[in-house]
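Visitor: predicted model, plus sequence, below.
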Amino acid sequence: MVKIDEQFMRSVLNIVDIIPFGRVATYGQIAKIIGRPRNARLVGKALGKSFSYGKHPCHRVVTATGRLVPGWIDQRPMLMAEGVPFKDENHVDIKQCQWQWQGI
């Protein structure tokens, strides 16, 4: 079992917090932004524990194909409320709504 350290968690959540309303980012994209390009799965694990760190717009994070988190029934309605376009029931239209991070 991989332990997620505090610095990694904070780095992930800092990026999640700046994903704009109506846009999505991918796990891999966040991993790359924080300088850990090979840790997309670890980003997902961190987001699964994010509830312990307060409120963050984790619903705006999807897979590289736009797939939603399996079993998270609130994610789709939350994204729909932001006007995020969908290709089907379980996939956002990633080409239309992926956030293009410009750096700081």
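Guide: It's in.
Visitor: which parts of this structure are strands?
Guide: 25-26, 61-62, 86-88, 91-92 (DSSP state E).
Visitor: got the ones you listed as CSV, with mean neighbour count and distance to K45 columns?
Guide: Where C-beta positions appear, they are placed from N, C-alpha and C, glycine not excepted. Shown next, in CSV, are those (neighbours: other CB atoms under 10 Å; distance: least, CB to CB, whole Å):
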stretch, mean neighbour count, distance to K45
strand 25-26, 22, 15
strand 61-62, 24, 12
strand 86-88, 13, 25
strand 91-92, 20, 21
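Visitor: can you pull the poorly scored residue ranges out of this protein?
Guide: Low-confidence segments of the chain (pLDDT under 70): 1-2, 104.
Visitor: identify the bridge partners of the most centrally placed residue in it.
Guide: Central residue of the chain (CA atoms, centre = their mean): V61, 1.9 Å from the mean position. On the basis of DSSP bridges, V61 is bridged to A25.
Visitor: on that earlier part again, out of the strands of the chain, which gets nearest to L47?
Guide: L47 sits nearest to strand 61-62 of all those, at 6.0 Å, using CB to CB.
Visitor: run through who's touching that closest one.
Guide: For strand 61-62, contacts defined as CB atoms under 8 Å, 6 or more residues apart in numbering pick out 16, 19, 24-27, 30, 43-44, 47, 68-69, 91-92, 94.
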